[in-house]
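Dropping a prediction and its sequence here:
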Amino acid sequence: MDWVEGAVEVIDQTVLPGSVEVLRLTAVADMVAAVDRLAVRGAPALGVVGGFGVALAYREAAGDPARLEALLVDLERARPTAVNLARMVRRVAEFAPQGFDAVLGAALEVRDEEIAASRKMAARGADFVEKIAAARPLTVMTICNTGALAAVEGGTALAVAEELHKRDMLEEVVALETRPLLQGARLTAWELSQMGAPHRLIVDSAAASVLASGLVDVVLTGADRIAANADTANKIGTFGLALAAADAGVPFVVVAPESTIDLETATGASIPIEDRGAREVTSYPFAGTAPPETKAINPAFDVTRAELITAIVTERRVVDLSGGETPTGELDHEPSK
């Protein structure tokens, strides 16, 4: 995604892998709609579009502070669980008194920071995984999509897998299909194909038995919000995956930028969980998946307790939860290798 000649251009993730289409967003309402229908998704990417959204909002508001604030609130509320979106909206909005050029400059800075963070997370995460996993090369399991589509370039958890692949340290990636919208099947498998990495796809309900079989060396996931105590919100199904990994004795590593850590949220119990309604469960991938009167519970995310997580890898540090560390500890300011 990028700012191109006065608009935000993003790949429409809803039509992959069948086609690659670029959306051109010129208004806040268009951006909110794109975020709501998951044309753009992924915590780091949401932070970037949030920043760019402020530039669109500034232009639309035309000097009206009340109108600008209303548009900023619309942006913030588009995905309530992912902290990056609201955080970057407010960060970039601080530059509004300085004019449009300052706002756009701040948004571009957010984009550049996320791209740099992806590279650092990939290297730091691969170093850590190589250290804690006994097998060589490694089989990685992952859920949802955490590659470049979710983070402008590189990604989070999938960027670590890609780095392992570049180092000839990757046996394969076992990707969960990720119901209900199949982001693993549609997006992660597509990105793995693009990078030429060996991979196989499994249905979500097979994850526990595959972990128990001893096939997997490490589970890598992303995060949409990490609380101060390291409870972590991520795509629905991540909590069950963590429970299965713990039972199988497989390390469970969360890879996310520092911008995803929300120290103002004490525990996972305070993280808002978006419910996306019945349609995605009862009518996807085709109409009539369930009888039309069927009701559904459709939380988009769940919360994985800190004690189930081996470590959190960011662009600046590894938080070794198994060793008693927490996200509130000192940052590692040394550059990643």
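Perfect, I can see it now.

quick one: strands adjacent to the top strand by length along the chain?
Across the chain, the longest stretch assigned as strand under DSSP state E is strand 170-176. Strands that pair with strand 170-176, judged by DSSP bridges, come out as strand 138-142 (parallel), strand 199-202 (parallel).

Can you tell me which of these is nearest to Val216?
Using C-beta to C-beta as the measure, strand 138-142 is the one of these that comes nearest Val216, at 4.6 Å. Every residue, glycine included, has its C-beta placed from N, CA and C.

Tell me which of the strands paired with strand 170-176 sits most buried.
Most buried of the strands paired with strand 170-176 by mean neighbour count (mean count of other C-beta atoms under 10 Å) is strand 138-142; its value is a mean of 25.

Give me the residues contacting it.
Contact with strand 138-142 is made by 129-130, 157-158, 160-161, 164, 169-176, 184, 188, 207, 210-211, 215-221, 241, 245, 250, as judged by C-beta atoms under 8 Å, 6 or more residues apart in numbering.

Of those residues, select the buried ones using a PyMOL command.
In PyMOL, this line selects whichever of the contacts of strand 138-142 come out buried by 16 or more other C-beta atoms under 10 Å:
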select buried, resi 129+130+157+158+160+161+164+169+170+171+172+173+174+175+176+184+188+207+210+211+215+216+217+218+219+220+221+241+245+250
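
In helices, which of the contacts of strand 138-142 fall?
Counting by DSSP state H, the part of the contacts of strand 138-142 found in helices is Val129, Glu130, Ala157, Leu158, Val160, Ala161, Leu164, Ala207, Val210, Leu211, Leu241, Ala245.

Roughly how far does Glu177 sit from Ser205?
9 Å (C-beta to C-beta, to the nearest Å).

Oh, that last question was meant for Gly42, not what I typed.
Using C-beta to C-beta, Gly42 is found at 24 Å from Ser205.

Between the two, which is the more surrounded one?
The neighbour comparison of Gly42 against Ser205 (other C-beta atoms under 10 Å) goes to Gly42, with 28 against 12.

List the residues that contact the more buried one.
Gly42 neighbours (C-beta under 8 Å, 6+ apart): Asn145, Thr146, Leu149, Ala150, Ala151, Gly155, Gly222.
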